[in-house]
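>>> Generate a structure from the sequence data that follows.
(chains A and B)
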Amino acid sequence: MNTMSQSNETSAKKRGVSLTAKGLSKRYGARTVLDRAQLDIQPGEFVAIVGRSGCGKSTLLRLVAGLESASAGNLQIDQREVTGLRENTRIMFQDARLLPWKRVIDNVALGLPASDHAAASQVLAQVGLADRGMEWPARLSGGQRQRVALARALVHQPDLLLLDEPLGALDALTRIEMHSLIENLWLRNGFTALLVTHDVQEAVALADRVVLIEDGVIALDLRIDLPRPRHRGDPRFAALEERLLDRVLQRPSKEEPQDPPTDWLATPAHGLRWAI
Amino acid sequence: MTQTARDLSAPGALDTVAVSGFGPVYPMDPEHLQRLLPFLRGVGNNLIPWIVPLLLIAVWQFSSSSGWLSSRVLPAPTDVARAFWTLAASGELWVHVKVSAARALSGLAIGGGLGLLLGLLTGSVRLAETLLDSSIQMVRNIPALALIPLVILWFGIDESAKLFLIAVSVFFPIYLNTFHGIRNVDPGLIEMARTYGLNRWHLYTQVILPGALSSILVGLRFSLGLMWVILIVAETISAQAGIGYLTMNAREFLQTDIVLVGILLYAILGKLADLFARGLEQYWLRWHPGYQKAH
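Down below sits the predicted model:
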């Protein structure tokens, strides 16, 4: 028991990694999916990447994960070039990707040495599923499956957690529950988190910074300075959410004329066509 | 004050009603009845499939004993049962069953084992697929029974000919289903396992093989069906022991009842093999909602 709480403290002290992308591009044949992306993420920061589907946000995440290699530019995690899969990076996918033939507890312990099964049940308790360890994944609800996937990612104490639209398939209520669960575990463990989502509200609820990608180009990098835990009823929350949503949908915003300089710099030329 | 008094009296009043009014009036015990009804319905549902076979046997028995049906064509069910009993009591039956089962199972072990190994190989290694798969697909189109003349030329008519025929025929269903099972493992799961640091061996044993297992078992069930068919043909051509020998011998002496015993034995063995394969499915695929017993 004593050693457990000690290991908890050390993991809480462990900071996440920094991440730097310079001129990062990815092309499939003639199609450019990601075009000279610049990104600088501090250790322990929670960054959300939003954008419409097919805008290249998932590609950026797969590059960071080392699942694909860049066509140009460089990408560093803690000042070290990403060349392939990294031991301390963990991904949560949109579908939970649990092994259906393994019980929940064995799914969480995937890739752990057999001696570490205690850690698996501990993390399973952290996501609130302590009593479902012996269940088959097929018997869980979608939200519970994603909790198991989250536990499976966190049991390795990653310093970088990549979330690829992990809540996209869940209903609204479960999503709100998962938001606070992810936020709490992030606050407790201190890893760097990179969340890809098309849900602007989710991005504002969770992230320190929201990065908007449009047609493979980083179009906006917005800091969210709201105190945590964040409340959806907060007018500042609503204002940020609306501003982002307007930007994603490329609607002329009511706010934009009031503070043009910051937005104009980050806006690609085609986004400005009706402003010029 | 009056409010509390009413509150207090209310439950008491209800209690007396419950005790004096409803308490003793439970002679039918509806709860018990409610539990009994689904049970009876379940028994009924289990009996329904047996009605038609039992009816057929009754008609058969009736037409035999009333003389409509010659015993040369079809002896009465009671005669078949008697023949079965005599053969079983003398021990002759078990000798033949043992010989036939051993033949079938060794053929299955050889052909199925090879099919599984080659299927795993071509499913997992691209080079092996390009090298072997098209040749195997070509050979697959030859019906195993078409090989009989060639097999007799090669092996004569002894044990190895029968083993060869069975092995060849069970090879293909297991090979094909293993190959496709491996190819159809969800690539998302493989990608996940790689990012979670599984090495090649664990990736194979924990993700790819379990993912292919349901398909491999389908192949096994196909093979078991084929195995008996080929065994019957091979034993009918020539044999010194086995169920086929028993029936062919009985045919020589016009013992139709023993011929029927042989046919019945094949049916029972086939059914047992299928039950065994289904048992394997139910155990190995117990995680799969499609194989879980309804609760």
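
>>> Point out the residues in the stretch 151-276 of chain A that sit beside chain B.
For the stretch 151-276 of chain A, the residues in contact with chain B (C-beta under 8 Å from any C-beta of the partner chain) are A:Arg152, A:His156. No exception for glycine: its C-beta is placed from N, CA and C like everyone else's.

>>> shaky segments in chain A?
Applying pLDDT under 70 to chain A picks out residues A:1-14, A:252-276.

>>> repeat that with 50
Applying pLDDT under 50 to chain A flags residues A:1-13, A:255-263, A:269, A:271-276.

>>> So for it, the centremost residue is which one?
For chain A, the residue nearest the mean C-alpha position is A:Leu195 (1.6 Å; C-alpha atoms, centre = their mean).

>>> Can you say which helix or strand has that residue in it?
strand A:192-197 (DSSP states H and E).

>>> which secondary structure elements does that strand contact?
Packing partners of strand A:192-197 (3 or more C-beta pairs under 8 Å, 6 or more residues apart in numbering or on different chains; DSSP states H and E): strand A:46-50, helix A:57-65, strand A:160-164, helix A:200-206.

>>> List the contacts of it.
The contact list for strand A:192-197 (C-beta atoms under 8 Å, 6 or more residues apart in numbering or on different chains) reads A:16-19, A:41-50, A:57-58, A:60-61, A:64, A:159-168, A:182, A:186, A:202-203, A:206-207.

>>> In the stretch 101-250 of chain A, what residue spans correspond to helices?
Taking DSSP state H, counting those that start in this stretch as the criterion, the stretch 101-250 of chain A carries its helices at A:104-108, A:117-126, A:142-154, A:172-189, A:200-206, A:235-248.

>>> The fourth one versus strand A:46-50: what angle between them?
Inter-element angle recorded for helix A:172-189 and strand A:46-50: 140 degrees (by axes from the mean of the first three to the mean of the last three C-alpha atoms, to 10 degrees).

>>> what's the answer for the last one, then?
Taking the same axes, to 10 degrees, one finds that helix A:235-248 is oriented at 40 degrees with respect to strand A:46-50.

>>> Would you show me how to pick out the buried ones of the contacts of strand A:192-197 in PyMOL?
Typed into PyMOL, the line below selects the buried ones among the contacts of strand A:192-197, using 16 or more other C-beta atoms under 10 Å in any protein chain shown:
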select buried, chain A and resi 16+17+18+19+41+43+44+45+46+47+48+49+50+57+58+60+61+64+159+160+161+162+163+164+165+166+167+182+186+202+203+206+207
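
>>> Excluding sequence neighbours, find me the nearest residue to B:Leu132.
B:Thr122 (5.5 Å; C-beta to C-beta, 6 or more residues apart in numbering or on different chains).

>>> Pretty sure that neighbour sits against B:Asp133.
Yes. Using C-beta atoms under 8 Å, B:Thr122 is in contact with B:Asp133, at 5.2 Å.

>>> who touches both of these two?
Shared contacts of B:Thr122 and B:Asp133, defined by C-beta under 8 Å, 6+ apart, comprise B:Phe179.

>>> Compare those two (neighbour count), which wins?
Using other C-beta atoms under 10 Å in any protein chain shown as the criterion, B:Thr122 and B:Asp133 rank with B:Thr122 on top: 22 against 18.

>>> Need the mean per-residue confidence for the one helix or strand that one maps to.
If you go by DSSP H and E, B:Thr122 is part of helix B:92-124. Helix B:92-124 shows a mean pLDDT of 93.

>>> ditto for stretch B:73-85
Per-residue pLDDT values across stretch B:73-85 average out to 90.

>>> Could you check it and say which residues are buried?
Buried-residue list, stretch B:73-85, by 16+ other C-beta under 10 Å: B:Leu74, B:Pro75, B:Ala76, B:Pro77, B:Asp79, B:Val80, B:Ala83, B:Phe84.

>>> For those, work out which two are farthest apart.
By the measure C-beta to C-beta, B:Leu74 and B:Phe84 form the most distant pair in the buried residues of stretch B:73-85, at 15.2 Å.

>>> Please, where are all the helices along chain B?
With DSSP state H as the criterion, chain B has helices at B:2-17, B:30-65, B:77-90, B:92-124, B:126-128, B:134-140, B:148-155, B:159-183, B:187-195, B:200-202, B:209-237, B:243-252, B:256-284.

>>> Give me whichever of these is most buried.
Comparing the helices of chain B by mean neighbour count (mean count of other C-beta atoms under 10 Å in any protein chain shown), helix B:159-183 ranks first with a mean of 23.

>>> returning to what we had before: so what does the helix holding B:Thr122 touch, helix or strand wise?
Packing partners of helix B:92-124 (3+ C-beta pairs under 8 Å, 6+ apart): helix B:77-90, helix B:159-183, helix B:209-237, helix B:243-252, helix B:256-284.

>>> Using a markdown table, please lay out those helices together with distance to chain A.
Shown next, in a markdown table, are the helices and strands packed on helix B:92-124 (distance: least, C-beta to the nearest C-beta, whole Å):
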| stretch | distance to chain A |
| --- | --- |
| helix B:77-90 | 42 |
| helix B:159-183 | 13 |
| helix B:209-237 | 4 |
| helix B:243-252 | 38 |
| helix B:256-284 | 8 |
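
>>> which stretch among those helices comes nearest A:Arg243?
A:Arg243 sits nearest to helix B:209-237 of all the helices and strands packed on helix B:92-124, at 45.5 Å, using C-beta to C-beta.

>>> Mind giving me the packing neighbours of that closest one?
Helix B:209-237 packs on helix B:92-124, helix B:148-155, helix B:159-183, helix B:243-252, helix B:256-284, going by 3+ C-beta pairs under 8 Å, 6+ apart.

>>> Many thanks, have a good one.
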